[in-house]
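1. from the sequence below, what's the structure:
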Amino acid sequence: MIERNLGNAERIIRLLMGVLFSFWALSQPYMNGIEWFVVAVSVMLMLNGIFSRCYFWFVLDLNTCKKEDKDCYMAASSS
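-> A predicted model of the protein is given here:
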């Protein structure tokens, strides 16, 4: 499993955007391919926000955790 690579502000933004996108897509009268795609993306955003890990950021070697945030680096220092 990858280490945490999302900071708290980015986690909150991703979680809120995921909730907003899913409410928008699920409120549509007919679900076509675009709405199902938006639901899939919103689920991924919510999971990123909950677990503080983004595989796309991992591939790009990006990390928005602050150095002083102990929770971000606990997994890396314990292994």
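2. contacts for stretch 13-28, please.
-> By C-beta atoms under 8 Å, 6 or more residues apart in numbering, the residues outside stretch 13-28 that reach it are 6, 31, 35-36, 38-39, 41-46, 48-50. Where you see a C-beta, it was placed from the backbone N, CA and C, and this is true even at glycine.
3. rerun at 7 Å
-> Residues outside stretch 13-28 that contact it (C-beta atoms under 7 Å, 6 or more residues apart in numbering): 35, 38-39, 41-43, 45-46, 48-50.
4. how far does that stretch sit from its chain's centre?
-> Stretch 13-28 sits 13 Å away from the centroid of its parent chain (C-alpha atoms, centre = their mean, to the nearest Å).
5. tell me the contacts of the nearest residue to residue 14 once chain neighbours are set aside?
-> Spatial nearest neighbour of residue 14, excluding adjacent residues (C-beta to C-beta, 6 or more residues apart in numbering): residue 49 at 4.1 Å. Listed by C-beta under 7 Å, 6+ apart, the contact set of residue 49 reads 11-12, 14-15, 18.
6. of all those residues, which comes closest to residue 60?
-> residue 14 (15.6 Å; C-beta to C-beta).
7. residue 30 versus the closest one, what's the distance?
-> Remark: distance between residue 14 and residue 30 (C-beta to C-beta, to the nearest Å) = 27 Å.
8. who has more neighbours, the two?
-> Set residue 14 next to residue 30 and count neighbours by other C-beta atoms under 10 Å: residue 14 wins out with 21 against 5.
9. so which residue is smack in the middle of this structure?
-> Nearest to the mean C-alpha position of the chain, by C-alpha atoms, centre = their mean, lies residue 48 at 2.2 Å.
10. hmm, that residue is touching residue 5, no?
-> No. Between residue 48 and residue 5 there is no contact under C-beta atoms under 7 Å: 9.7 Å.
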